[in-house]
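Visitor: Need the 3D shape of this:
(one chain, ligands or ions: 2)
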Amino acid sequence: MSETDNHLTTSQINDLAQHLESAELNGVDVHKITDDYPDMTWKDAYDIQWAIRARKVAAGHQMVGLKMGLTSWAKMKQMGVDTPCYGFLADYFAVPDGGEIHMDELTHPKIEAEIAFVTNSILRGPDVDIDVVLGATDYVLPAMEVIDSRYRDFKFDLKSVVADNTSAARFVTGQNTAKIRDLDLETLSVELEINGEVVESGTGAAILGHPAKAIAMLANMLAERGKVIPAGTFVMCGAMTAAVTVNKGDHVRARYEGLGHVDVHCV
Ligand code: 0L1
Ligand code: MG
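Guide: Ligands and ions are numbered 1, 2, ... in the order given. Modelled structure (predicted):
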């Protein structure tokens, strides 16, 4: 993922940002954009994502955090890629613990159990590692992400998914927080339940071996664009479990060892 040049024009990037944002806001699916733009570069893909982000800010939304995606080796292998990707979290993506996901607003949502970090000092790449991240972490908290690719049948390639803000749609955070000295983030375990039945389980090590690795990678990827992770940033590290399809009427709970649980209802 080293292309630093654009193949697309600024006008094409802005049009594609509008196209993908419109699919998101209207809950309609579209075909993957690389079908029409097979030569688009990684720079184009992230430029489209950043253009969607700029559209949301221009529309009055706040950015409330960042996310890493495709951080498990299993999911990268499934996608045939060796690099995770990042996206942004807008204010209206946030659902309170115990709250509702309105399925009519989404296309084909899936849910995954994650862990999130809140930083207390700036993380500036390119040489951020796990120890630097742990030294800049205020606390961690349990979280679930709802991913909802705007691409028909979740069929995409990585450039298309980066442009589509890595399928980010909704997220829920738990009410318990912990200092990293009080947790072993690698062995921290979670069970994902749907209607009381455990459907997936995992540990922190599923995230690149250690969840802080995902934050380090984010800082280093942002550095390629001259960006940093500011102090006080909420960052979701990626999934500890596989993503599970949810349906109207489902009650989803992620139960974390030593960190309580996070709940959401699909209505
Ligand atoms: O958050 C994630 O890991 C999802 C990244 C995008 C790929 C997908 O939609 O499955
Ligand atoms: Mg995720």
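Visitor: list the contacts for the residue of the stretch 1-150 of the chain found nearest ligand 2?
Guide: In the stretch 1-150 of the chain, no residue comes nearer to ligand 2 than E145, which is 3.9 Å away by CB to the ion. C-beta coordinates here come from the backbone N, C-alpha and C atoms, glycine included. For E145, the residues meeting the contact criterion (CB atoms under 8 Å, 6 or more residues apart in numbering) are K67, I111, E112, E114, A168, R170, F171, M236, A239.
Visitor: of these, list those near ligand 1.
Guide: Near ligand 1, judged by CB under 6 Å from any ligand atom, the entries from the contacts of E145 are A239.
Visitor: host element of the residue of the stretch 1-150 of the chain closest to ligand 2?
Guide: Mapping E145 onto the secondary structure by DSSP states H and E places it in strand 137-147.
Visitor: Can you pull out the low-pLDDT segments for the chain?
Guide: Counting by pLDDT under 70, the chain contains low-confidence ranges at 1-2.
Visitor: Which residue ranges of it form helices?
Guide: Chain-ordered helices for the chain, with DSSP state H as the definition, fall at 10-26, 42-58, 73-79, 130-135, 158-163, 211-223.
Visitor: Would you tell me which residues of the stretch 1-150 of the chain are close to ligand 2?
Guide: E145 (CB under 5 Å from the ion).
Visitor: Where does the stretch 1-150 of the chain get nearest to ligand 1, residue-wise?
Guide: Proximity of the stretch 1-150 of the chain to ligand 1 (CB to the nearest ligand atom) peaks at G69, 3.0 Å away.
Visitor: Next, count neighbours for the closest residue to that residue other than its chain neighbours.
Guide: Using CB to CB, 6 or more residues apart in numbering and skipping the chain neighbours, the partner closest in space to G69 is T166 (3.9 Å). Using other CB atoms under 10 Å, T166 has 22 other residues around it.
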